[in-house]
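next input, structure requested:
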Amino acid sequence: MGLDATTTRKKLWALLGDIPSTFIPEVTVLSRTEYGMYSQEHISFKNGVGDTVYGYVLIPFSVPFTAPAILYHHVHGGKYHLGKEGMLIRRDNGFADGIMLVKAGFIVLAIDAYAFGERQTQGPAGEAESGAETELSLFKHFLWQGKTLWGMMLHDDLLALAYLRSRPDVDENRIGTTGMSLGGSRSTWVSALDTGIKATIPIAQLTRYQDFADSGNYRLHSVYYYVPAMLTSGIDMEHIVALSAPRYQHILIGDSDPLSPISGVHKIVNYARNIYGDTPFDVTIYEGVGHNYTNDMVKTMRDSFLKHL
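Modelled structure (predicted):
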């Protein structure tokens, strides 16, 4: 028997700290550029705590009235200069995720998380710090305020989702979320906290906290990942993953990923399958694959969204 979903969500919010309520932000379109099959909007919005969030919206020209949409979450990997730009750049696997998805007919939104992209100096020290320094300072700063960096990152993601849902060209009943590594965790948590997500595909990130702690490899996850009392809360990743039930989910993970010990992956999957029952829940575990985003993963992600959204 699984934990009660309402109770679990309340516990998650409590763990994240004093996080502001979600609202539909007022968005400013900074610029609009047209390409062969789609247009790109550069946007910004205030997040309610004095910070500005920057993002890109990709819109296919083929939208008749409304279209399905994807909230895309960028990676970490120490690539602070990229942020949302990452969905526009061709990866080693041969794909630029955002461009691939917009060409498949999806409206795609990606925002810069704290310390990334246009927000690299958006910390307590301003221009005196950038990237990793900003991230660490924000981690400390938010703790002093009774918040968490992870919770504030999710707050911005939920605002982005609220905006996406409010767009007249988006079918609010066909919104999915995906991302790799940091982006995978953001996808899982956002879907757990907001039931408006209809399909979730986390890639190369399925860390069961206790199993990861047992491995002793704390250095492998950046500081943003650590939430006070996570190990003593009675909640682990299997409960968070299961909160997306009965909405569609497809987990893509390598069996040799040190950030997601395979022992924990199996515990998560077994628990979630029990909660999902007969509703669609797919898991693809790649043999011999580490913390990578493979050619097959990206194509499977696209095809799963095409099928379920």
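
alpha carbons only for contacts and neighbour counts from here, please
Noted.

name the residues that touch whichever strand or helix holds residue 302?
Using DSSP states H and E, residue 302 sits within helix 295-308. With contact meaning CA atoms under 8 Å, 6 or more residues apart in numbering, helix 295-308 is reached by 93-95, 97, 100-101, 104, 176, 199, 201, 203, 248, 250, 252.

starting at the chain centroid, how far to that helix?
Centroid separation for helix 295-308 versus its chain: 16 Å, with CA atoms, centre = their mean, to the nearest Å.

list the buried residues of that helix.
If you call a residue buried by 16 or more other CA atoms under 10 Å, then helix 295-308 has these buried ones: 297-298, 300-302, 304-305.

could you pull out the helices for the stretch 201-309 of the chain?
Ranges of helices in the stretch 201-309 of the chain, per DSSP state H, counting those that start in this stretch, are 209-215, 237-242, 262-276, 295-308.

which one of these lies nearest to residue 86?
Closest to residue 86 of the helices of the stretch 201-309 of the chain is helix 295-308 (CA to CA; 13.9 Å).

then the closest one to PDB, C-alphas only?
Output of helix 295-308 as PDB, limited to C-alpha atoms (Å, rounded to 0.1, in the frame of the first residue of the first chain):
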ATOM      1  CA  ASN A 295      20.600   8.700 -29.100                       C
ATOM      2  CA  ASP A 296      17.900   6.100 -28.200                       C
ATOM      3  CA  MET A 297      16.900   8.000 -25.100                       C
ATOM      4  CA  VAL A 298      16.100  11.200 -27.000                       C
ATOM      5  CA  LYS A 299      14.200   9.400 -29.700                       C
ATOM      6  CA  THR A 300      12.300   7.400 -27.200                       C
ATOM      7  CA  MET A 301      11.400  10.600 -25.300                       C
ATOM      8  CA  ARG A 302      10.000  12.200 -28.500                       C
ATOM      9  CA  ASP A 303       8.100   9.100 -29.600                       C
ATOM     10  CA  SER A 304       6.500   8.700 -26.100                       C
ATOM     11  CA  PHE A 305       5.300  12.300 -26.100                       C
ATOM     12  CA  LEU A 306       3.900  11.900 -29.600                       C
ATOM     13  CA  LYS A 307       2.000   8.800 -28.500                       C
ATOM     14  CA  HIS A 308       0.700  10.100 -25.100                       C
END
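
and the biggest helix by length in the chain, what's buried?
Longest helix in the chain, counting residues (DSSP state H): helix 149-166. Neighbour counts over helix 149-166 (16+ other CA under 10 Å) mark 149-165 as buried.

excluding covalently adjacent residues, which one is nearest to residue 228?
Setting aside the residues directly before and after it, residue 228 is nearest to residue 15 in space (CA to CA, 6 or more residues apart in numbering), at 6.7 Å.
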